[in-house]
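> Give me coordinates for this.
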Amino acid sequence: LNLIKKIFSKLFRNYFEKKLIMIGRSHLLSARQNYKNIQNLNDLDYKIFSQFGEDGIIDYLLKSLNISSPKFVEIGVGDFSECNTRYLFETTQPKGLIIDCIENFEQKVKKNINLWKGDLTIIQKKINSKNVIDILKQKNFLNDLDLFVIDIDGIDYWVMKNLPKNLSKIIVVEYNATFGPDLEVTVPDLEDFDRSKYHYSNLCFGASLKAYVKLLDQMGYVFIGTSISKINAFFINKNELNKISLKNLPDSNDLSFYTKSNIRESRNKNGKLNFLNNSTKIEEIKNCDVIDLSNNKEKKKQISELIN
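Residues are numbered from 1 along each chain as shown. As a prediction, this is how the structure comes out:
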């Protein structure tokens, strides 16, 4: 009976994903007719395999840059069933590298895809600021990238800081909207950082949007917007900026719009969702230690010192 259930489950998943790809492809083909008139990235949100609407945004950027078969890296993909490069793998015959630290990572990924569809390298590793360069270099993914994505719910900022300038044409980073528009902060560079262990609320992780805008500007990138969910920020290499048609680029001096997030995934001390809203999230983590990056310095402070 269990075998029969597994067979039917796999058949249903394969059928569902084929339909998902067909519907997604149809939507994107239609949306491309209007790409030259796009005002901001939010107009492009569309989910196929991405967590939120990143698939639509990435399609727009790749088409604007005339990239048909991208070379990509995505760090933090889970089992590859819901991430930002899955649709690309299914439809563009790309060369890609995906990295995650979950147990039996390669086996789990292979259950979700037909590996022959693209040149995909799969690495099971916990990425940190010290090992990222060596891993990318060993696999020949340290330069000439079209798309680089990172979402490891932790020390993402420190990983990015160690990467070379002009790493990729497009960069997508997860930021923490809870930190608001004005704080320029990140969690400390701890190799064993665990979001749920650092603070029970799961709210103190990653870096603020302002920290990323400044860092990536120094690396040669322009902030061009976020997904509607206000979780992932998109940056484009300054050398490629003239190829996109966005009429309204964000004002990097006022990031308020991009940090007003109504996503409520906070936890109480018992690990249960308690649905804190935007105004109470920062208060919940005010005693957490972060690294204040303002004034081109790195100082360890409690959040309460920065918001009072």
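
> which ones are touching V132?
75, 159, 162-163 (Cβ atoms under 8 Å, 6 or more residues apart in numbering). (Each C-beta comes from the backbone N, C-alpha and C, glycine too.)

> Go through those and flag which are in strands.
The strands, defined by DSSP state E, take in I75 from these.

> filter the contacts of V132 to the buried ones?
Buried residues within the contacts of V132, defined by neighbour count using 16 or more other Cβ atoms under 10 Å: 75, 159, 163.

> Low-confidence stretches in the chain?
Along the chain, segments meeting pLDDT under 70 span 1, 3-8, 11-12.

> let's see 80
1-13, 308 (pLDDT under 80).

> which residues in it form strands?
Going by DSSP E, the chain shows strands at 71-75, 95-100, 119-124, 145-150, 168-174, 185-186, 221-226, 232-237, 289-292, 299-302.

> quick one, which of those is nearest to L61?
strand 168-174 (5.2 Å; Cβ to Cβ).

> Give me the packing partners of the closest one, helices and strands only.
helix 54-64, strand 145-150, helix 156-161, helix 209-218, strand 232-237 (3 or more Cβ pairs under 8 Å, 6 or more residues apart in numbering; DSSP states H and E).

> Tell me which stretches of the protein form helices.
Under the criterion DSSP state H, helices of the chain are mapped to 2-31, 54-64, 86-92, 105-112, 132-138, 156-161, 195-198, 209-218, 278-284, 303-307.

> check contacts around N104.
The contact partners of N104, by Cβ under 8 Å, 6+ apart, come to Q124.

> State the distance from it to K111.
For N104, the distance to K111 equals 10 Å [Cβ to Cβ, to the nearest Å].

> Could you do L209 as well?
Remark: distance between L209 and K111 (Cβ to Cβ) = 35 Å.

> Those two: who's more crowded?
The neighbour count for L209 versus K111, taken as other Cβ atoms under 10 Å, is higher for L209 (27 against 13).

> mind listing what the nearest residue to that one once chain neighbours are set aside touches?
Using Cβ to Cβ, 6 or more residues apart in numbering and skipping the chain neighbours, the partner closest in space to L209 is Y175 (4.5 Å). Residues near Y175 by Cβ under 8 Å, 6+ apart: 206-209, 211-212, 226, 231-233.

> Can you get me a residue count around the residue nearest to K161 when sequence neighbours are not counted?
Closest residue to K161 apart from its sequence neighbours, by Cβ to Cβ, 6+ apart: L215 at 6.2 Å. Counted with other Cβ under 10 Å, residues neighbouring L215 total 19.

> Repeat that for the one 10 residues further on.
A count of neighbours around G225, defined by other Cβ under 10 Å, yields 22.

> do you know how far it is from V172?
Taken as Cβ to Cβ, the span from G225 to V172 is 11 Å.

> where do the contact lists of those two overlap?
233-234.

> What count of nearby residues applies to S266?
21.

> ok, it - contacts?
201-203, 273-276, 281, 284.

> got it, and S64?
Applying Cβ under 8 Å, 6+ apart, we find S64 in contact with 35, 243-245.

> So Y46 sits against R32, correct?
No - look at Y46 against R32 with Cβ atoms under 8 Å: they stay out of range, at 11.5 Å.

> More neighbours: which of the two?
More crowded of Y46 and R32, by other Cβ under 10 Å: Y46, with 21 against 13.

> Check the gap between the more buried one and R25 for me.
Y46 is 11 Å from R25, by Cβ to Cβ.

> Equivalent analysis for T92, please.
Taken as Cβ to Cβ, the span from T92 to R25 is 11 Å.
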